[in-house]
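> give me coordinates for this.
(2 chains)
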Number of protein chains: 2
Amino acid sequence: MKLSKELVNDLPRRWTRIRKQMELAKADACLLSGTENLFYATGMVFSGYFYLPLSGDPLYFVKRPVGLSGDNVIYIRKPEQIPEALTENGFELPDVVMLESEELSHADWCRLENAMKPARAISGTPAIRIARSVKTAYEIGQFKLSAQYHTEVYNQIPSLYRPGMTDLEFSVAIEGAMRLKGCLGMVRVFGTSMEIFMGSILTGDNAAAPSPYDFALGGGGLHPSIPVGANGSLLESGKTVMVDVGGNFTGYITDMTRVFAIGDLPEHAYRAHQVALEIQNRIVEMAGPGVRAEDLYDEAVAIATRNGLADCFMGAEQQAKFVGHGIGIELNELPVLSTRSNDILEEGMVFALEPKFIIAGVGAVGIENSFVVTASGIEKITLSKEEIIRL
Amino acid sequence: MKLSKELVNDLPRRWTRIRKQMELAKADACLLSGTENLFYATGMVFSGYFYLPLSGDPLYFVKRPVGLSGDNVIYIRKPEQIPEALTENGFELPDVVMLESEELSHADWCRLENAMKPARAISGTPAIRIARSVKTAYEIGQFKLSAQYHTEVYNQIPSLYRPGMTDLEFSVAIEGAMRLKGCLGMVRVFGTSMEIFMGSILTGDNAAAPSPYDFALGGGGLHPSIPVGANGSLLESGKTVMVDVGGNFTGYITDMTRVFAIGDLPEHAYRAHQVALEIQNRIVEMAGPGVRAEDLYDEAVAIATRNGLADCFMGAEQQAKFVGHGIGIELNELPVLSTRSNDILEEGMVFALEPKFIIAGVGAVGIENSFVVTASGIEKITLSKEEIIRL
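The predicted model follows:
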């Protein structure tokens, strides 16, 4: 385990954020074992549990891998050993312990709840998601690295196209370029509303395929077992191909969409694309600390409606009811820019904004970029040409 | 929704398997919503719930996508609508309902348990895993298709190698070949003990890296957020490179490992590889319906020990305690060929057998193939050259 000094210094800032939520929930301790939360709280992934008391040093209860060292590392075989290990190490047993209600399976929750008795277990996922929603300066640096690599690959995309390709072949070329640049491939997703391989490359009417998943636009996919993304269509003249691949280069995922045209598109497709850019630019003007996420969504819908595009905004037959979402270790973090969101932007939040339209017979148009909320507004970190690029 | 007639005819066979477990557990109904279980029970993935009563037709409670049709499809917005919808459709409310204790998050379980009250919710995951462990003829056909594509790609691997490549570059080339052949990329995994991108390509000492995950050999990975697989090592003369990529071409994953040599290897590496083949061949002789999975593991360990290789069997510093595992919609199904397994082979089970050794300073050697349990033995379905291939 060789964590950088910068990362080691950053972790206590994250613990402070979690502890603030623990105080609000009147929890004495928090016990985390979900991969995404372990990575957040420790900078690494192990099989075991991270124990954070309200004050004092945390403990790392590790089952695997062998070989981790450190004052706070305690090897265990099973969670039932945690209370005794706490006592042996001079820790008071908690009265109220926060567990991950939405990362733990029901079976794992019950086992952990029993192991920690007589402590009372309370649901911790909403609190931890709030803690994670405001990123530290170090985390924002990781996003900026991801964004840089992500952008470099997107700039290569036109050179990866060959006439006569299918959407799958184009996907594979882009996936390979992403991986060679260091993309880790896996896209972590919170909850059960989505799952995805590296991202989606959608052409023509596949962009409008109604999806079981909660994506802006999902695509039908190659097989009913994974109904998302490319469906094997030829990239044909007069259609768009929308590239939306997750930029997980650092454990922090940037999200970015660009639209390419095979040959010329009908004029109304270009116009709708300009409306998407107008939505983006208007939200950039509006957004900043204290702004309600719901207001940003409402403004996006208002612009779409004013331009006669409400019916094809964020889908056609099935429309997503958001225009942006927090990003981080998972693709779908807080805040959510949607109609029923209570989220309010804070400095340090990072989110993707993705106004998109379905143009019947053509495909999707629109844009997606990743933004950091600054002290005075928002900063775009995925920087590449935003016009539709002719392949 | 266009399911093939063959698939439509197969689904009731799977329901019969689930119902047998429901009877044993004294459940009146089963409610499934995990992606893997929906795909098993319905041949597709949707956002919603599959309701299987002990007798009579099942119901599909669908939230998304729009547009599914069929007599048994009922659109709902939330699970709280299920009891009323059951009554309206002439179904008796169950007294005992089986829910997915290990696929549902604790929060989702609680919500569903409350929604279904006064029915008593019981844990269904172990039962459903048993149901899924014996595959139908149709499912075995899907495995054989996966195996065929998987093998075709593995046969291309030597042509993808270029001197001076890193393990990542070699990975990317293999991933691309898999995807172009139709591999869906995603590897579904049961539980929280593992996560992986498409598979692992391990060279040299990276093969021995202790892993937080429960893989035979995991590798250290490129980044602490996903500590598995290639770590950026150069493919150097005198080392092996072990290719273990999941063959998910049909929703059913075949598992297959082959070892390649850069230049010549020391003699003891070839010898250990032969011992792995000997373990495989001995288990092929022994295995068949009624055979205890534990006995197969013990036999593997006995052969490794007899050859002085116990210390490097299935890892070095950290050793996996299994030599094979069921495969299917998820990479880690039943049966488990391990020391504490109670599983007994049955006709129709499908498993991967993967005796592997770590050779210090060289890398991993060994083999992995996928097998179907037949009426009289086991049948290998991943058929390609098993010797170490010199690149």
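> which other helices and strands does the helix or strand hosting residue A:14 contact?
Using DSSP states H and E, residue A:14 maps to helix A:5-24. Contacts defined by 3 or more C-beta pairs under 8 Å, 6 or more residues apart in numbering or on different chains; DSSP states H and E place helix A:5-24 against strand A:29-32, helix A:35-42, strand A:47-53, helix A:125-133, helix A:137-160. Every residue, glycine included, has its C-beta placed from N, CA and C.
> contacts for the third one, please.
Among residues not part of strand A:47-53, those counted as contacts by C-beta atoms under 8 Å, 6 or more residues apart in numbering or on different chains are A:15, A:18-19, A:22, A:28-33, A:37-38, A:41-42, A:58-65, A:76, A:79, A:82, A:86, A:91-92, A:94, B:193, B:212-214.
> likewise the fourth one?
Counting by C-beta under 8 Å, 6+ apart, helix A:125-133 makes contact with A:14, A:17-18, A:20-22, A:24-25, A:30, A:32, A:37, A:40, A:98, A:100-103, A:190, A:326, A:328-329, A:333-335, A:343, A:346, A:349, B:107, all of which sit outside it.
> just the buried subset of those, please.
A:14, A:17-18, A:21-22, A:30, A:32, A:37, A:40, A:98, A:100-103, A:190, A:326, A:328-329, A:333-335, A:343, A:346, A:349, B:107 (16 or more other C-beta atoms under 10 Å in any protein chain shown).
> residue A:62 touches residue A:76, doesn't it?
Yes - at 7.1 Å, residue A:62 counts as touching residue A:76 under the criterion of C-beta atoms under 8 Å.
> more neighbours: the two, which one.
Higher neighbour count among residue A:62 and residue A:76: residue A:62, with 20 against 15, using other C-beta atoms under 10 Å in any protein chain shown.
> quick one: the strands in the stretch 201-350 of chain A?
For the stretch 201-350 of chain A, the strands defined by DSSP state E, counting those that start in this stretch cover A:240-245, A:247-248, A:253-254, A:257-261, A:322-326, A:333-338, A:350-353.
> could you dump the ones you listed to JSON lines with mean pLDDT and distance to chain B?
Output for these, formatted as JSON lines (pLDDT from 0 to 100; distance: least, C-beta to the nearest C-beta, whole Å):
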{"stretch": "strand A:240-245", "mean pLDDT": "98", "distance to chain B": "12"}
{"stretch": "strand A:247-248", "mean pLDDT": "98", "distance to chain B": "8"}
{"stretch": "strand A:253-254", "mean pLDDT": "98", "distance to chain B": "10"}
{"stretch": "strand A:257-261", "mean pLDDT": "98", "distance to chain B": "19"}
{"stretch": "strand A:322-326", "mean pLDDT": "98", "distance to chain B": "14"}
{"stretch": "strand A:333-338", "mean pLDDT": "98", "distance to chain B": "15"}
{"stretch": "strand A:350-353", "mean pLDDT": "98", "distance to chain B": "16"}
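> out of these, indicate the one that is most buried.
Ranked by mean neighbour count, these are led by strand A:247-248 with a mean of 30 (mean count of other C-beta atoms under 10 Å in any protein chain shown).
> give me the number of neighbouring residues for the closest residue to residue A:375 other than its chain neighbours.
Spatial nearest neighbour of residue A:375, chain neighbours left out: residue A:347 (5.4 Å); criterion: C-beta to C-beta, 6 or more residues apart in numbering or on different chains. Counted with other C-beta under 10 Å, residues neighbouring residue A:347 total 16.
> what residues are up against residue A:347?
When contacts are counted by C-beta under 8 Å, 6+ apart, residue A:347 touches A:134, A:289, A:373, A:374, A:375.
> correct me if wrong: the third one contacts residue A:348.
Yes - using C-beta under 8 Å, residue A:373 makes contact with residue A:348 at a distance of 6.4 Å.
> name the member of the contacts of residue A:347 with the most neighbours.
residue A:373 (24 neighbours).
> which residues does the residue nearest to that one when sequence neighbours are not counted form beta bridges with?
The shortest distance from residue A:373 to any non-neighbouring residue, by C-beta to C-beta, 6+ apart, is to residue A:349 (4.4 Å). Under the criterion DSSP bridges, residue A:349 forms beta bridges with residue A:134.
> which bits of the stretch 251-391 of chain A sit near chain B?
A:251, A:317, A:318, A:329 (C-beta under 8 Å from any C-beta of the partner chain).
> the stretch 1-150 of chain A too?
A:3, A:33-35, A:39, A:43-48, A:64-67, A:99, A:101-110, A:123, A:125.
> are any of the residues you listed buried, and which?
Going by neighbour count (16+ other C-beta under 10 Å), the residues of the stretch 1-150 of chain A next to chain B have A:33-35, A:39, A:43-48, A:64-65, A:99, A:101-110, A:123, A:125 buried.
> helix, strand, or coil at the spatially closest residue to residue A:172 that is not a sequence neighbour?
Among residues not flanking residue A:172 along the chain, residue B:179 sits closest, at 4.6 Å (C-beta to C-beta, 6+ apart). Of the three states, residue B:179 takes helix under DSSP: H, G, I helix; E, B strand; the rest coil.
> residue B:179 reaches residue A:169, doesn't it?
No - the criterion here is C-beta under 8 Å, and residue B:179 misses it with residue A:169 at 9.1 Å.
> what's the residue nearest the centre of chain A in contact with, if anything?
Closest to where the C-alpha atoms of chain A average out (C-alpha atoms, centre = their mean) is residue A:331, at 1.6 Å. By C-beta under 8 Å, 6+ apart, the contact set of residue A:331 is A:187, A:188, A:189, A:190, A:194, A:196, A:246, A:253, A:255, A:325.
> which among the residues you listed gets closest to residue A:261?
Set against residue A:261, the nearest of these by C-beta to C-beta is residue A:255 (21.7 Å).
> quick one, what contacts the spatially closest residue to that closest one that is not a sequence neighbour?
Spatial nearest neighbour of residue A:255, chain neighbours left out: residue A:352 (3.7 Å); criterion: C-beta to C-beta, 6+ apart. Residues in contact with residue A:352 (C-beta under 8 Å, 6+ apart) are A:254, A:255, A:256, A:324, A:325, A:326, A:327, A:368, A:369, A:370, A:371.
> number of residues surrounding the nearest residue to residue A:28 once chain neighbours are set aside?
Among residues not flanking residue A:28 along the chain, residue A:94 sits closest, at 3.7 Å (C-beta to C-beta, 6+ apart). When neighbours are defined as other C-beta under 10 Å, residue A:94 has 23 of them.
> so residue A:94 sits right up against residue A:29, yeah?
Yes - counting by C-beta under 8 Å, residue A:94 touches residue A:29, with 3.8 Å between them.
> the residue in the stretch 101-250 of chain A that chain B sits nearest to: how many residues sit nearby?
Closest contact between the stretch 101-250 of chain A and chain B, by C-beta to the nearest C-beta, is at residue A:225 (3.1 Å). Number of residues near residue A:225 (other C-beta under 10 Å) recorded here: 23.
> what's the spacing between the most far-flung residue of chain A relative to its centre and chain B?
Of all residues in chain A, residue A:88 has its C-alpha farthest from the mean position, at 38.9 Å, by C-alpha atoms, centre = their mean. Look at residue A:88 and chain B: by C-beta to the nearest C-beta, to the nearest Å, they are 24 Å apart.
> residue ranges in the stretch 1-150 of chain A under the pLDDT threshold?
For the stretch 1-150 of chain A, the stretches flagged by pLDDT under 70 are A:1.
> okay, and the beta partners of residue A:379?
Beta bridges link residue A:379 to residue A:372 when assigned by DSSP bridges.
> these two touch, right, it and residue A:371?
Yes - under the criterion of C-beta under 8 Å, residue A:379 makes contact with residue A:371 at 6.4 Å.
> between those two, which one's more packed in?
Neighbours per residue, other C-beta under 10 Å: of residue A:379 and residue A:371, the larger number sits with residue A:371, 24 against 14.
> now that one: closest residue in space, sequence neighbours ignored.
residue A:378 (4.4 Å).
> helices of the stretch 151-300 of chain A, residue ranges please.
For the stretch 151-300 of chain A, the helices defined by DSSP state H, counting those that start in this stretch occupy A:167-180, A:267-286, A:293-306.
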